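Visitor: Just the structure for this:
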Amino acid sequence: MKKFSRILVANRGEVALRIVRACKEMDIESVAVYSEADRDASYVRLADESVCIGPGPSQQSYLEIPKIISAAEITDVEAIHPGYGFLAENAHFAEVCRSCHIEFIGPSVEAISSLGDKAKARELAESVGVPCVPGSDGVVTEENDALAIAQQIGYPVIIKASAGGGGRGMRIAHNDVSLVNGFHAAAAEAEAAFKNSDIYIEKYIEKPRHVEFQILADTQGTVVHLGERDCSMQRRHQKLIEESPSPGLPFEVREKMGECARKLVKAANYYNAGTVEFLVDHEFNFYFIEVNTRIQVEHPVTEMVTGIDLIREQIRIASGEPLGYTQEDIRFEGAAIECRINAEDPDHDFRPSPGTIKEWIPPGGLGVRLDTHVHAGYTIPPFYDSMVGKLIVYKKNRTEAISTMRRALDEFQIEGIATTIPLYKEVFKHFHFLKGNINTGFLEEYFLG
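Guide: Predicted coordinates:
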């Protein structure tokens with residue numbers, strides 16, 4: 001077992017600040033890397049040391065593996081935390097870290113390769129009896145094969161990229177014509193986004209819930225799940241609102257899903273943090289869809305209901321420490337909800353809204369948490385994801401959490417940019433949302449038509 005003394009944070013924004021804070025609390029020095037566009041960011045100032053790694057565009061900075069490794073070597077760090085996005089699920093980056101004798105704070109190269117590829121992950125899930133959506137046996141490379149599979153399992157189907165995520169490389173097809181068009185479009189988009197054109201096909205389950213399970217696993221073989229997060233409130237496969245526990249999910253279904261998540265990551269010899277994602281239909285049948293081999297944006301809701309600091313646990317596991325607890329020790333209390341505050345204009349098809357924040361008055365009070373790196377006077381660069389913060393509330397039940405979120409959204413004052421706050425204010429008044437009648441098509445059905 002090794003104790004880290006210096007960790008490099010290979011990311012930006014609120015997650016970089018989140019990791020820097022965890023390092024400080026663990027008495028570990030942190031090194032921030034930053035692009036020229038992020039020179040004045042708060043996490044750069046708060047880190048013990050910082051290194052500029054290039055111009056604003058991520059392809060010239062945060063995605064440049066040689067620059068990040070050089071920064072790690074000249075600052076003499078023992079480990080790198082990749083956060084989420086960018087290189088967090090890049091097996092090659094993890095392999096380079098390993099070859100340079102720098103600990104990658106995440107799963108092994110082998111686990112990233114086997115579970116990060118959706119087609120391979122599906123094969124592994126099926127082999128250990130985890131329910132999967134009916135679909136192709138692995139990658140589909142030929143148009144005629146795609147047509148045959150779709151006709152066999154029945155329309156509608158969804159075409160998915162094997163690599164990556166975030167809704168890219170995904171197309172829904174309702175007939176042969178849309179399948180052919182979607183097949184080629186998804187492959188081209190996947191190649192452009194992930195340098196991997198591999199795709200596979202699944203039965204499209206209409207208006208399901210999207211429920212994911214947070215897992216932690218140490219290098220000694222202990223695996224626990226930390227409950228579920230309901231991520232059904234989405235726009236074009238991009239999550240906007242997440243909560244834990246999932247409203248209305250029967251206890252026995254939750255138990256089965258949690259055990260399936262543990263079974264799958266055990267089979268992959270997985271360690272560190274990860275998320276096993278499922279679709280749940282109207283009859284509470286659930287189907288495995290993918291594993292995210294990293295920390296998730298929405299991890300704070302799990303932290304609130306379990307009291308477990310997930311970033312701290314990632315660092316502990318990477319240093320070789322055992323978890324020190326088992327599944328029976330995990331306790332779930334209360335309800336937590338997170339809203340992603342994005343610099344986007346919901347009234348104009350979520351058009352990005354970069355610019356300078358002229359006024360920033362965040363909410364507060366009991367049960368309110370705000371994870372953000374921005375402040376009044378901060379200029380949002382045009383190069384990156386539009387999220388400016390995560391507003392999280394925690395109360396003893398969902399009804400109280402919703403009331404607190406409504407109050408917090410009313411308090412939150414941001415001027416100078418458009419944000420998703422006005423949309424959320426309407427969502428948290430909606431009858432079906434209040435009743436927990438949610439699915440992945442909720443926003444399109446009631447708000448975005």
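Visitor: now the strands for the stretch 251-400 of the chain?
Guide: Ranges of strands in the stretch 251-400 of the chain, per DSSP state E, counting those that start in this stretch, are 272-280, 286-292, 335-342, 344-345, 351-352, 355-356, 359-361, 368-372, 379-380, 387-395.
Visitor: where are the low-confidence patches of this protein?
Guide: Using pLDDT under 70 as the threshold, the predicted model of the chain has low-confidence ranges 1, 164-167, 449.
Visitor: quick one on the thing from earlier: in CSV: the strands of the stretch 251-400 of the chain, plus mean neighbour count.
Guide: Heads up, the C-betas are built off the backbone N, CA and C, glycines and all. Converted to CSV, those look like this (neighbours: other Cβ atoms under 10 Å):
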stretch, mean neighbour count
strand 272-280, 25
strand 286-292, 23
strand 335-342, 25
strand 344-345, 20
strand 351-352, 14
strand 355-356, 14
strand 359-361, 13
strand 368-372, 19
strand 379-380, 18
strand 387-395, 23
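Visitor: Could you dump these into CSV with distance to Tyr155 added?
Guide: Conversion of the strands of the stretch 251-400 of the chain to CSV gives the following (distance: least, Cβ to Cβ, whole Å):
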stretch, distance to Tyr155
strand 272-280, 17
strand 286-292, 17
strand 335-342, 32
strand 344-345, 32
strand 351-352, 32
strand 355-356, 43
strand 359-361, 48
strand 368-372, 41
strand 379-380, 41
strand 387-395, 34
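Visitor: For Glu189, which of the ones you listed is the nearest?
Guide: Distance to Glu189, taken as Cβ to Cβ, is lowest for strand 286-292 among the strands of the stretch 251-400 of the chain, at 17.0 Å.
Visitor: now for that closest one, which elements pack on it?
Guide: In terms of contacts (3 or more Cβ pairs under 8 Å, 6 or more residues apart in numbering; DSSP states H and E), strand 286-292 is packed against helix 118-127, helix 251-267, strand 272-280.
Visitor: mind running it again at 6 Å?
Guide: Applying 3 or more Cβ pairs under 6 Å, 6 or more residues apart in numbering; DSSP states H and E, one finds that strand 286-292 contacts helix 118-127, strand 272-280.
Visitor: As CSV, the ones you listed with distance to Gln60 would be great.
Guide: Output for the helices and strands packed on strand 286-292, formatted as CSV (distance: least, Cβ to Cβ, whole Å):
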stretch, distance to Gln60
helix 118-127, 28
strand 272-280, 29
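Visitor: Figure out which of those is closest to Ile74.
Guide: Using Cβ to Cβ as the measure, strand 272-280 is the one of the helices and strands packed on strand 286-292 that comes nearest Ile74, at 26.0 Å.
Visitor: Now do that closest one and helix 251-267, the angle between them.
Guide: Comparing the axes of strand 272-280 and helix 251-267 via axes from the mean of the first three to the mean of the last three Cα atoms, to 10 degrees yields an angle of 130 degrees.
Visitor: can you pull up the bridge partners for Ile215?
Guide: Beta bridges link Ile215 to His225, Gly274, judged by DSSP bridges.
Visitor: okay but it is in contact with His225, surely?
Guide: Yes - in this structure, Ile215 is within contact of His225 by Cβ atoms under 6 Å, at 5.0 Å.
Visitor: Report the residue ranges of every domain in the chain.
Guide: By the record's domain assignment, the chain is partitioned as 6-105, 134-203, 209-448 (automatic domain parsing).
Visitor: Ok, which of these comes nearest Leu124?
Guide: Evaluated over those, closeness to Leu124 peaks at domain 209-448, with 5.9 Å, by Cβ to Cβ.
Visitor: How far does the closest one stretch from one end to the other?
Guide: Domain 209-448 has an end-to-end distance of 18 Å (Cα to Cα, to the nearest Å).
Visitor: ok, now stretch 264-271?
Guide: When the termini of stretch 264-271 are compared using Cα to Cα, they are 12 Å apart.
Visitor: Pipe the domains of the chain into CSV and attach distance to Ala125 per row.
Guide: Compiled in CSV, these are given as follows (distance: least, Cβ to Cβ, whole Å):
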stretch, distance to Ala125
domain 6-105, 17
domain 134-203, 12
domain 209-448, 5
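Visitor: which one of these lies closest to Asp117?
Guide: Between Asp117 and the domains of the chain, the shortest separation by Cβ to Cβ is 5.1 Å, and it involves domain 134-203.
Visitor: okay, how far is it across that closest one, tip to tip?
Guide: 6 Å.
Visitor: ok, now stretch 143-162?
Guide: One end of stretch 143-162 to the other measures 16 Å (Cα to Cα).
Visitor: hmm, who's touching it?
Guide: Counting contacts by Cβ atoms under 6 Å, 6 or more residues apart in numbering, the residues outside stretch 143-162 that touch it are 117-119, 134, 136, 139-140, 169-174, 176, 179, 182-183, 186, 190, 198-204.
Visitor: tell me the SS of Ser30?
Guide: Under the three-state scheme (DSSP: H, G, I helix; E, B strand; the rest coil), Ser30 adopts strand.
Visitor: check contacts around it.
Guide: With contacts taken as Cβ under 6 Å, 6+ apart, Ser30 has the following neighbours: 7, 9, 20, 23, 47-48.
Visitor: Then Ala10?
Guide: Taking Cβ under 6 Å, 6+ apart as the definition of contact, the neighbours of Ala10 are 68, 80, 82.
Visitor: circling back: ok, of the contacts of Ser30, which come out buried?
Guide: Among the contacts of Ser30, those classed as buried by neighbour count (16 or more other Cβ atoms under 10 Å) are 7, 9, 20, 23, 47.
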